[in-house]
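*Asks:* Need coordinates for the below:
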Amino acid sequence: MGLIGALHEILEMVKIEYTDFVMLLGPLWTAFLIGIVIGWAWKPKWATFGQEKLNSSVSKALDLSSMPTSPARSVMSPPLKGFSSAPCLFQGYEAWIINNAVHNAVQKRLSPSPIEFDDQSTSQINEKKSDVVAQEDVEHLCRLVDMKDGGPSWIHTMDRSTPTMTYQAWRRDPKIGPPQYRSRTVYEDVAPELVRDFFWDDEFRLKWDDMLSEATTLDECPTTGTMVVQWIKKFPFFCKDREYIIGRRIWESGRLYYCVTKGVPYPSIPRHDKLRRVDNYYSSWCIQAAESRHDNGQLSACEVQLFHQEDMGIPWEIAKLAVRKGMWDTVKNIESGLRAYQKQRALGGIISRPAFMAQINTKISLEYLKSSAGTEVSSQTAVVTASDDKPFGGNIRNLIIVGGSILLACTLDRGYLVKTIISGVANKFGNAGKKSKPK
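*Replies:* Numbers count the residues shown, from 1 in each chain. This next block holds a predicted model:
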């Protein structure tokens, strides 16, 4: 009984304290409600400014729905007419839901739908990507192919062949810029489309091109096939590796392919101290079917005309010497890679992304191209026989001088003046060595 009595007294105390607490809050609640009534009756202009702005936005958005729209847009847009009569005072959770729904609906109306964005902007983006390699580039290549670009004479430097390939090479020295190289290679028993894909396939190039260490696609246009790629080429340990930012695109006229690649600016890829970026770079091909030497004139071979020019940052005289002595080995290495690529493609399977992009070409009429390039009225570029392609022989002294010049040029890497001086010294001593040889 004592326990029950104690419990009863505790409950009575709680009841009294609760009753006092309610009586204390009563006047506060009354004052709060009276304040709300007076405030709503007074209601200054700033209290309804935001609501009027929201109602105005909603009404404008609803007016947009009455305008004629495309079928895709009308499907994407939800109906909003039910919100046009929304009350001025929203209460509680329901008010928050309605307000949020109206806001989202307005944002959907004011923002373009994905389909609308594709229609208006995708073509502009693709056009901007295509401008990296434009119409004037293929016109320039056409003039080079027809030898009507108005440049200096081509000097014939090489004529070699194997049972599966013939190769011819020329060089010329423009007044401004590094030497330019032109070659004509005919590969037996291969289609021009395969050769086109081969030169574009960076993933496979990493397998046969010993100088290429990295190849990355930076951008591409699925409409024109235009690509921007980054190459990193390995140089000897005493030189910086070379970095190339290359824009490339292919034009097609029947089974004739104009493949343009050139150095392009790309500000989003900063320059690195450990790499030397080659800005002056041009390497383009004209690929087409050709008569075979073995099939009685059948078009089972492929002709590739290459035009190449780049400033790698070494003296041009030394670069010409290196090209003259190492080009034939490079040509044979390219054919070896092409034959391996031919076997791999014959096995089927999924082709690489770069090879797929090589098959997206810009169609062009050959007559229109020649007309726009002006090859009909341009003067023919002369071709002469090389007079300076003398046997290099076994002159060890000259080898040491030239090798030392290359080492110094790459190591100093301080600009054109130093390299020109070194090149001149190498030429002087090299010529002296030739004069001192007994006849």
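
*Asks:* could you measure the residue nearest to S153 when sequence neighbours are not counted against K233, distance?
*Replies:* Spatial nearest neighbour of S153, chain neighbours left out: A382 (4.0 Å); criterion: Cβ to Cβ, 6 or more residues apart in numbering. (Each C-beta comes from the backbone N, C-alpha and C, glycine too.) Distance, A382 to K233, using Cβ to Cβ, to the nearest Å: 33 Å.

*Asks:* Over to D209?
*Replies:* From D209 to K233 the distance is 8 Å (Cβ to Cβ).

*Asks:* ranges for the strands of the protein?
*Replies:* Assigned by DSSP state E, the strands in the chain fall at 154-162, 165-172, 180-187, 212-220, 227-233, 241-253, 256-263, 275-277, 281-290, 301-310, 362-363, 383-385.

*Asks:* Rebuild the ones you listed as a markdown table, extending it with mean pLDDT, mean neighbour count and distance to T30.
*Replies:* Below are those laid out as a markdown table (pLDDT from 0 to 100; neighbours: other Cβ atoms under 10 Å; distance: least, Cβ to Cβ, whole Å):
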| stretch | mean pLDDT | mean neighbour count | distance to T30 |
| --- | --- | --- | --- |
| strand 154-162 | 95 | 15 | 104 |
| strand 165-172 | 96 | 20 | 102 |
| strand 180-187 | 97 | 21 | 97 |
| strand 212-220 | 96 | 15 | 71 |
| strand 227-233 | 97 | 20 | 74 |
| strand 241-253 | 97 | 22 | 77 |
| strand 256-263 | 98 | 22 | 82 |
| strand 275-277 | 95 | 17 | 79 |
| strand 281-290 | 97 | 21 | 85 |
| strand 301-310 | 97 | 20 | 90 |
| strand 362-363 | 96 | 13 | 82 |
| strand 383-385 | 75 | 11 | 108 |
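
*Asks:* between those, which one is nearest to V145?
*Replies:* strand 281-290 (4.7 Å; Cβ to Cβ).

*Asks:* Nearest to E203, out of the strands of the chain?
*Replies:* strand 212-220 (7.3 Å).

*Asks:* what does the closest one contact?
*Replies:* 129, 202-203, 205-206, 226-234, 241, 245, 266, 269, 353-354, 357 (Cβ atoms under 8 Å, 6 or more residues apart in numbering).

*Asks:* Output that strand as CSV, restricted to C-alpha atoms.
*Replies:* Extracted in CSV, the C-alpha atoms of strand 212-220 (Å, rounded to 0.1, in the frame of the first residue of the first chain):
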residue,chain,number,x,y,z
LEU,A,212,56.2,5.7,-81.3
SER,A,213,55.8,5.2,-77.6
GLU,A,214,52.3,6.7,-77.0
ALA,A,215,49.3,7.4,-79.1
THR,A,216,46.1,9.0,-77.6
THR,A,217,43.0,10.2,-79.3
LEU,A,218,42.1,13.7,-78.0
ASP,A,219,39.0,14.4,-80.0
GLU,A,220,37.0,13.1,-82.9
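
*Asks:* Relative to E136, how far out is G150?
*Replies:* 15 Å.

*Asks:* for this structure, what helix or strand is lowest in average pLDDT?
*Replies:* One helix or strand of the chain scores below all others by mean pLDDT, DSSP states H and E: helix 71-76, with a mean of 36.

*Asks:* right, so of the strands of the chain, which gets closest to L144?
*Replies:* Comparing the strands of the chain by Cβ to Cβ, strand 301-310 comes nearest, at 4.9 Å.

*Asks:* What lies in contact with that closest one?
*Replies:* Applying Cβ under 8 Å, 6+ apart, the set of residues contacting strand 301-310 is 141, 144-145, 177-192, 194-195, 263, 278, 280-293.

*Asks:* now do stretch 328-336
*Replies:* So stretch 328-336 is in contact with M158, R160, T162, T164, M165, Y167, S183, T185, Y187, W208, D209, D210, going by Cβ under 8 Å, 6+ apart.

*Asks:* before we move on, back to that, export the strands of the chain to CSV and append columns for distance to Q342.
*Replies:* What follows is those, written out as CSV (distance: least, Cβ to Cβ, whole Å):
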stretch, distance to Q342
strand 154-162, 15
strand 165-172, 13
strand 180-187, 9
strand 212-220, 20
strand 227-233, 23
strand 241-253, 19
strand 256-263, 17
strand 275-277, 33
strand 281-290, 15
strand 301-310, 11
strand 362-363, 26
strand 383-385, 32
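
*Asks:* what's the closest of those strands to A31?
*Replies:* Closest among the strands of the chain, using Cβ to Cβ: strand 212-220, at 68.0 Å.

*Asks:* Give the pairing partners of that closest one; include direction for each.
*Replies:* strand 227-233 (antiparallel) (DSSP bridges).

*Asks:* returning to that earlier point: for N361, see how far away the residue nearest to S153 is.
*Replies:* Relative to N361, and taking Cβ to Cβ, A382 is found at 32 Å.

*Asks:* With neighbour numbers in mind, choose between those two.
*Replies:* N361 (18 against 12; other Cβ atoms under 10 Å).

*Asks:* Which strand residues bridge the residue lying closest to the more buried one once chain neighbours are set aside?
*Replies:* Residue nearest to N361 in three dimensions, not counting chain neighbours: E252, with 3.7 Å by Cβ to Cβ, 6+ apart. Assessed by DSSP bridges, E252 has beta-bridge partners Y257, K363.

*Asks:* For the chain, give me the ranges with low pLDDT.
*Replies:* The model of the chain has pLDDT under 70 over residues 1-26, 28-29, 35, 37-130, 376-380, 386-439.

*Asks:* which stretches of it form helices?
*Replies:* Ranges of helices in the chain, per DSSP state H, are 2-42, 46-65, 71-76, 92-110, 114-117, 123-130, 135-145, 192-200, 202-208, 316-346, 353-358, 366-373, 396-412, 416-436.

*Asks:* For C142, give me its contacts.
*Replies:* Y258, L369, K370, A373, T375.

*Asks:* any idea how far T375 is from the residue nearest to the second one when sequence neighbours are not counted?
*Replies:* This means L369. Of all residues not flanking L369 in the chain, C142 sits nearest, at 5.4 Å (Cβ to Cβ, 6+ apart). As judged by Cβ to Cβ, C142 and T375 stand 6 Å apart.

*Asks:* Check E220 too.
*Replies:* Relative to T375, and taking Cβ to Cβ, E220 is found at 30 Å.

*Asks:* Hmm, I155 is touching R172, no?
*Replies:* Yes. With contacts counted by Cβ atoms under 8 Å, I155 reaches R172, the gap being 6.0 Å.

*Asks:* Next, show the common contact partners of these two.
*Replies:* With Cβ under 8 Å, 6+ apart as the test, I155 and R172 reach no residue in common.

*Asks:* returning to what we had before: wait, the residue nearest to N361 sits on S365?
*Replies:* No. Using Cβ under 8 Å, E252 is not in contact with S365; the gap is 10.6 Å.
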